[in-house]
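Student: my questions are about this predicted structure, shown below with the sequence.
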Amino acid sequence: MTKKRVTLADVARLAGLSTTAASMILTGRPDTRLSVEAHAKVHAAAASLGYRPNVAARALRTDKSRSIAFISDYVATTRFASGLIRGALAAAEEAKHVMLVLETGGEPAREIQAVEAALDRQVDGLIFAAMRAREVFVPDLPINVPTVMLNGTSARFPVSVLPDEYRGGQRVVERLLEAGISDGVVLLGHNAEVEAGLFRSETIARRFAGIRAAMKAADMAFLAELSCWNWEPGHGYELTRKVLKSTRPRAILCLNDRLAFGAYQALAEARLSVPEDVAVVSFDNDELASYLRPGLTTIGLPHEEMGRRAVELLLGEASAPQLIEMPVIERGSLPRV
């Protein structure tokens, strides 16, 4: 037999007060003009009965459901950007909001269904998140709640949270200089001439721009630039083997940690030590970066802070994009000076 839901009237009856008084106390209204004893009685009655507020009814009264929707392509089902969810969940919990997580697999039809499901549940706002920073498809539906783009951009919704890739690109070059390396650097994963006219993403373009601006400021030039479209370990391995056949670099700047993983393998095969013979530095702070030996120094993607900031913006009144600093994660793949 289904247990009858405890109502506000039940709490008020047990506390010996009116329903209005019990409601004011339980909703935390300031200046209720009710005694400390009355507050204590209502809270004791609610605890004794196991009272839970009717969120749906409260939403009708206040036009607030205290819930938000997190709609993403693959963030929830892969490990690469799971920090986005962790940060968002933590911030939502602190704000006493429930977060509805909806995964679409990047399929437009499922994205439409996800938005409709969220709006049907009267969420207070939407977060559209992408596993990899890019322009995000937003279904052409009437969306009349606050909306934030997380790790992505949209022409429809200008409020976004992105990693500060330009500054991250600058920091990786600065870190090489701090390690005493100003020449003999190979760039792994991109060649400006080979990829001229090709588009990866706005954020990755900013990473390239930051790297090149810092190189120019330091009067540095790459020893070689090796392009590959997919930044995977196999490509890092093959490109590093290729460069070692013709030259001995002092350092390899990899455009993500997966390329660096392959570079480590090729260097070990050639019996070259990191960082004594060849230093390696990278981007993303993927989980595998800490497992390499020596550990990989990398410019991290601040996913948890980004997720947290997205919720804070959603529940606040921001109207401008937010860039989150990419931290330098120090390990052992650069020489100590």
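Tutor: Now that the structure is in, tell me what you want to look at. Note that this is a predicted model, so its numbers are computed, not measured.
Student: could you find the closest non-adjacent residue to Arg79?
Tutor: Glu287 (6.7 Å; C-beta to C-beta, 6 or more residues apart in numbering). For glycine as for every other residue, the C-beta is placed from the backbone atoms N, C-alpha and C.
Student: same question for Thr104.
Tutor: Among residues not flanking Thr104 along the chain, Arg110 sits closest, at 4.1 Å (C-beta to C-beta, 6+ apart).
Student: burial of that neighbour, as a residue count?
Tutor: Residues near Arg110, counting by other C-beta atoms under 10 Å, number 16.
Student: Ala44 now?
Tutor: 13.
Student: same thing with the one 5 residues further on?
Tutor: Residues within reach of Leu49, counting by other C-beta under 10 Å, total 15.
Student: so it is in contact with Asp10, correct?
Tutor: Yes: using C-beta atoms under 8 Å, Leu49 is in contact with Asp10, at 5.8 Å.
Student: on that earlier part again, ok, the residue nearest to Thr104 to Gln122 distance?
Tutor: Remark: distance between Arg110 and Gln122 (C-beta to C-beta, to the nearest Å) = 21 Å.
Student: now swap in Thr104 and tell me
Tutor: 20 Å.
Student: of those two, which one has the most company?
Tutor: For Thr104 versus Gln122, neighbours defined as other C-beta under 10 Å are more numerous around Thr104 (21 against 15).
Student: residues contacting that one?
Tutor: Residues near Thr104 by C-beta atoms under 8 Å, 6 or more residues apart in numbering: Ile71, Ser72, Asp73, Arg110, Glu111, Gln113, Ala114.
Student: distance of it from Arg86?
Tutor: Relative to Arg86, and taking C-beta to C-beta, Thr104 is found at 20 Å.
Student: check Ala260 too.
Tutor: 24 Å.
Student: the longest helix in the chain is where?
Tutor: If you go by DSSP state H, the chain has its longest helix at helix 202-217.
Student: so which residues of the stretch 51-200 of the chain form strands?
Tutor: Counting by DSSP state E, counting those that start in this stretch, the segments of the stretch 51-200 of the chain that form strands are 67-72, 98-103, 126-135, 147-153, 160-163, 185-189.
Student: so which residues of this structure form helices?
Tutor: Using DSSP H, helices in the chain cover 8-15, 19-26, 36-49, 55-62, 82-94, 108-120, 165-178, 202-217, 233-244, 257-269, 303-315.
Student: so which of those helices gets nearest Leu100?
Tutor: Taking C-beta to C-beta, helix 108-120 is the member of these nearest to Leu100, at 6.3 Å.
Student: about what we covered before: can you tell me which of the helices of the chain the model trusts least?
Tutor: Note on the helices of the chain: lowest mean pLDDT is at helix 55-62, with a mean of 49.
Student: stretch 191-199 - what's its average pLDDT?
Tutor: pLDDT averaged over stretch 191-199 gives 88.
Student: how about stretch 324-337?
Tutor: Mean predicted lDDT for stretch 324-337 stands at 94.
Student: buried stuff in it?
Tutor: Neighbour counts over stretch 324-337 (16 or more other C-beta atoms under 10 Å) mark Ile324, Met326, Val328, Ile329, Arg331, Gly332, Ser333, Leu334 as buried.
Student: tell me which of these fall in strands.
Tutor: If you go by DSSP state E, the buried residues of stretch 324-337 have Ile324, Val328, Ile329 in strands.
Student: including distance to Ala118, could the residues you listed go into TSV?
Tutor: Shown next, in TSV, are these (distance: C-beta to C-beta, whole Å):
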residue	distance to Ala118
Ile324	25
Val328	37
Ile329	35
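Student: any idea which of the residues you listed is closest to Asp183?
Tutor: Asp183 has its nearest neighbour among these in Val328, at 21.2 Å by C-beta to C-beta.
Student: touching, that closest one and Ile299? I think so.
Tutor: Yes: in this structure, Val328 is within contact of Ile299 by C-beta under 8 Å, at 6.0 Å.
Student: hey, what's in contact with both of these two?
Tutor: Applying C-beta under 8 Å, 6+ apart, one finds that Val328 and Ile299 are jointly contacted by Arg171, Arg175.
Student: what residues of stretch 182-193 count as buried?
Tutor: Gly184, Val185, Val186, Leu187, Leu188, Gly189, His190.
Student: for the residues you listed, give me a markdown table that also has distance to Tyr264.
Tutor: Shown next, in a markdown table, are those (distance: C-beta to C-beta, whole Å):
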| residue | distance to Tyr264 |
| --- | --- |
| Gly184 | 18 |
| Val185 | 17 |
| Val186 | 14 |
| Leu187 | 17 |
| Leu188 | 12 |
| Gly189 | 15 |
| His190 | 19 |
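Student: burial measure for Ser82, as a count.
Tutor: For Ser82, using other C-beta under 10 Å, the count is 17.
Student: one more: Leu198?
Tutor: 9.
Student: swap in the one 3 residues further on?
Tutor: Counted with other C-beta under 10 Å, residues neighbouring Ser201 total 16.
Student: ditto for Ala95
Tutor: Counted with other C-beta under 10 Å, residues neighbouring Ala95 total 16.
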